[in-house]
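**Student:** model this:
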Amino acid sequence: MLKKHIKKMAGVGCILIACYYSILLFQYYQEAYITQETFETIKEEHRTDKKDKKETEKLPLSSAYQKASRVPFIESLMNENEDIFGWIRVEGTQIDFPVMFTPQDPEYYINRDFYHKKTARGTPFLDGRFKDNHSNYIIYGHHMKDGSMFSDLLRYTDETFFKENRIIQWITLYEEREFHVIGAFYSELHMLRNDFPWYEYLEFEQQTELDSFIDQLQRVSLHKISTDVDFDVDFSDRFITLVTCSYHDDTGRFVVVGREKILNQ
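**Tutor:** Modelled structure (predicted):
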């Protein structure tokens, strides 16, 4: 009788555990759906009317985004949340998100959505140290196991994808910029395992600092590209650095760097 009772209790326990994890899994994917719907709603409400949207869909990626997402788009979003700094879109990925900026509390949006509601997915955010005169926008976003948020950055580990999807579009209140991906690499935040402190390069005060940044980027990048076209840089250039977690190390990060695209390239 005792053994039978124990087996019965064990069976009930297994069922309860299965139910518990099923609920967690449901909540996880429900949150993913709600988060994506929130971003889609933001775009629909603030970008264009239906007529402009239909016209825009016929245009190539670059032209469409310039037409549909001019500065008034960001200005409209600021009326709902003044913490927004810009909007980022990465060619060939589902990365198409607002980017927040709260220097007084840099990681405020690491677990909040655009409307300040708690969510494990958070909202991409700009490095809290950024100043208007800085040359490098460092932006952080979560790497979710369901492939959402900044997870698609890991697609740049594939050389073919890297070569065919190199446009990053960055829209702020005052301007629209287009960046060309020039490097992608794995990194660790642990001091003893990181010989390229990319997070320290917000501004280049001397030519030697810029040269050091480019040299180290070339060294660690997973893919080698044209030095003449992509690394002929000067102080007038701006960069964008997209960062997400990588599970190769307990402090692992995956980093994608873009240089502002020169029109005649």
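**Student:** List the contacts of the nearest residue to residue 157 once chain neighbours are set aside.
**Tutor:** Excluding the flanking residues, the one nearest residue 157 by Cβ to Cβ, 6 or more residues apart in numbering is residue 222, at 6.1 Å. (C-beta placed from N, C-alpha, C; glycine too.) Contacts of residue 222 were listed using Cβ atoms under 8 Å, 6 or more residues apart in numbering, and they are 156-157, 159, 162, 184-186.
**Student:** Just the element for residue 222, please.
**Tutor:** Residue 222 belongs to no helix or strand when elements are defined using DSSP states H and E.
**Student:** What backbone torsions are found at it?
**Tutor:** phi -70, psi -20 (degrees, to the nearest 10).
**Student:** Report the separation between it and residue 89.
**Tutor:** With distances defined as Cβ to Cβ, to the nearest Å, the gap from residue 222 to residue 89 amounts to 22 Å.
**Student:** Can you give me the distance of the residue nearest to residue 157 to residue 151?
**Tutor:** Counting by Cβ to Cβ, the gap from residue 222 to residue 151 is 17 Å.
**Student:** repeat for residue 88
**Tutor:** 14 Å.
**Student:** So between the two, which is more surrounded?
**Tutor:** More neighbours sit around residue 88 than around the other of residue 88 and residue 151, counting by other Cβ atoms under 10 Å; the figures are 24 against 20.
**Student:** residues near the spatially closest residue to residue 254 that is not a sequence neighbour, how many?
**Tutor:** Distances taken as Cβ to Cβ, 6+ apart put residue 246 closest to residue 254, at 4.1 Å, once the chain neighbours are dropped. A total of 19 residues lie near residue 246 under the criterion other Cβ under 10 Å.
**Student:** what sits against residue 246?
**Tutor:** Contact analysis of residue 246 by Cβ under 8 Å, 6+ apart lists 143, 154, 186-187, 252-254.
**Student:** Buried only: go through those for me.
**Tutor:** Using 16 or more other Cβ atoms under 10 Å as the burial test, the contacts of residue 246 include 143, 154, 187, 252-254 as buried.
**Student:** measure residue 137 to residue 224 for me?
**Tutor:** The span separating residue 137 from residue 224 equals 24 Å under the rule Cβ to Cβ.
**Student:** So for the two, which residue has more residues nearby?
**Tutor:** For residue 137 and residue 224, the more surrounded residue by other Cβ under 10 Å is residue 137, and the numbers stand at 25 against 9.
**Student:** Would you mind measuring from the more buried one to residue 194?
**Tutor:** For residue 137, the distance to residue 194 (Cβ to Cβ) stands at 21 Å.
**Student:** Equivalent analysis for residue 211, please.
**Tutor:** The value you get for residue 211 to residue 194, if Cβ to Cβ is used, is 20 Å.
**Student:** do the same with residue 225
**Tutor:** Distance from residue 225 to residue 194, counting by Cβ to Cβ: 23 Å.
**Student:** I figured residue 38 hits residue 114, correct?
**Tutor:** Yes. Using Cβ atoms under 8 Å as the test, residue 38 is close enough to residue 114 to be in contact (6.3 Å).
**Student:** neighbour-wise, which of the two wins?
**Tutor:** Applying other Cβ under 10 Å to residue 38 and residue 114 shows that residue 114 carries more neighbours, namely 21 against 18.
**Student:** Provide the secondary structure category for that one.
**Tutor:** In three-state terms, and counting by DSSP: H, G, I helix; E, B strand; the rest coil, residue 114 is coil.
**Student:** who are the neighbours in contact with it?
**Tutor:** Contact analysis of residue 114 by Cβ under 8 Å, 6+ apart lists 38-39, 42, 80-81, 84, 98, 100, 123.
**Student:** at 7 Å what do you get?
**Tutor:** The contact partners of residue 114, by Cβ atoms under 7 Å, 6 or more residues apart in numbering, come to 38, 42, 81, 98, 123.
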